[in-house]
Each structure stands twice: as C-alpha cells, then as structure tokens.
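Undergrad: I'll drop the sequence and a predicted model, then ask my questions.
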Amino acid sequence: MNKLQRILESVDLVVYKKLLTILGDFITKFPATGTDNLFDQLANTGKKILPKDKKALEILNYVLDKESGPSSIQRLLNMRFEDLPADVKPNIKISNRYEAASWLRNGVVSDKIKDLVDWENTGKTGGWSDSKGNKAVIVESI
C-alpha cells in the first residue's frame with residue numbers, strides 16, 4: 001500500500017467517524033426525523049458506502065466540519081454543489097466555460113451533496129459528470 005492510499009483511507013475514516021457521530025447525536029436529540037434510517041445504513045455497512053473520490057471526500061469533510069450537528073445535517077441533506085464556496089466546489093470545464101460538476105452513480109445524475117454517499121449500498125462508487133451524465137474531470141483551479 002502506497003502513501004497516497006493510506007492518506008486517502010485515513011481521510012475517509014475521519015469522514016466516516018464524523019458522519020456517524022453527527023447522525024448519532026442528531027437522532028438522539030431529534031428522534032423520528034427520518035435520519036435514523038441514514039444512521040442505521042451507515043452503521044450497518046461501514047465506510048464502504050462513502051465515495052472513493054478525493055474531491056467528494058473533501059466536500060463531505062467540509063460539510064460535516066461545522067459547529068453544530070443540526071447545521072451539518074441540514075447542509076448534508078439539502079446543499080447542492082453550486083452552493084459550496086469556490087475553494088471546495090467541484091468545477092468542470094465545458095468548452096470555454098466552467099460549471100459545477102454533478103455526481104453520477106448507476107445512471108443517476110445528481111447535484112446534491114447527500115448523493116455522494118451510497119445510502120442504498122449499491123456497491124457503485126460513482127464519479128463526476130456534467131449535468132447530462134457525460135463523465136468529466138474536476139478542474140482544481142479556475
């Protein structure tokens with residue numbers, strides 16, 4: 001195992017722990033909100049439902065790294081990629097313009113942050129695409 005693989009594995013473990021802690025705290029304080037299903041899915045399947053992509057993990061880490069659990073849950077479930085700050089937003093270049101990327105998994109194109117996580121445990125990791133579902137590569141700086 002090379003150094004980069006170990007770093008990425010430690011990042012997804014950190015994101016997994018944050019997500020588990022925040023969801024656990026949230027369902028304890030606010031039961032019967034529907035997020036208990038997400039917590040159960042995360043606890044039962046482990047970190048394998050997290051994306052393997054470095055940028056996707058960075059986005060999840062950013063969204064979960066807030067002062068309050070309810071705020072983090074709200075951002076996770078309702079925020080879209082275009083709402084992210086410029087240094088975190090996944091941008092792609094199409095022709096001569098830039099746009100926020102979409103997440104493609106199993107033929108479904110999404111622009112919501114919650115869809116980075118494979119909540120249904122399909123085993124499909126997903127990847128970046130444009131809004132039409134064509135595979136795309138993230139541009140690091142604009």
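TA: Alright, I've got the coordinates. Model, not experiment: these values are computed from the prediction. Numbering: from 1, shown residues only.

Undergrad: ok, now how distant is the spatially most central residue of the chain from residue 54?
TA: Residue closest to the mean C-alpha point of the chain, counted by Cα atoms, centre = their mean, is residue 116 at 3.7 Å. Per Cβ to Cβ, to the nearest Å, residue 116 is found 12 Å from residue 54. C-beta here means a position set from N, CA and C on the backbone, and glycine is covered the same way.

Undergrad: Check residue 126 too.
TA: Residue 126 sits 13 Å away from residue 54, going by Cβ to Cβ.

Undergrad: neighbour count winner among these two?
TA: Using other Cβ atoms under 10 Å as the criterion, residue 126 and residue 54 rank with residue 126 on top: 20 against 14.

Undergrad: Now do the more buried one against residue 106, distance only.
TA: 8 Å.

Undergrad: likewise residue 16?
TA: 21 Å.

Undergrad: Please say which of these two ends up with more neighbours.
TA: Taking neighbours as other Cβ under 10 Å, residue 16 and residue 106 compare with residue 16 leading, 19 against 11.

Undergrad: contacting residues for the more buried one?
TA: Contacts of residue 16 were listed using Cβ atoms under 8 Å, 6 or more residues apart in numbering, and they are 42, 46, 47, 50.

Undergrad: can you do 10 Å?
TA: 42, 46, 47, 48, 49, 50, 57, 60, 117 (Cβ atoms under 10 Å, 6 or more residues apart in numbering).

Undergrad: And the pLDDT at it?
TA: At residue 16, the pLDDT value in this model is 91.

Undergrad: so where does residue 131 fall, helix or strand?
TA: Assigned by DSSP states H and E, residue 131 falls within no helix or strand.

Undergrad: can you count the residues close to it?
TA: 14.

Undergrad: go on, the one 3 residues further on?
TA: The criterion is other Cβ under 10 Å. On that basis, residue 134 has 12 neighbouring residues.

Undergrad: Residue 109 versus that one, what's the distance?
TA: For residue 134, the distance to residue 109 - Cβ to Cβ - is 9 Å.

Undergrad: anything in contact with each of the two?
TA: Common neighbours of residue 134 and residue 109, using Cβ under 10 Å, 6+ apart, are residue 102.
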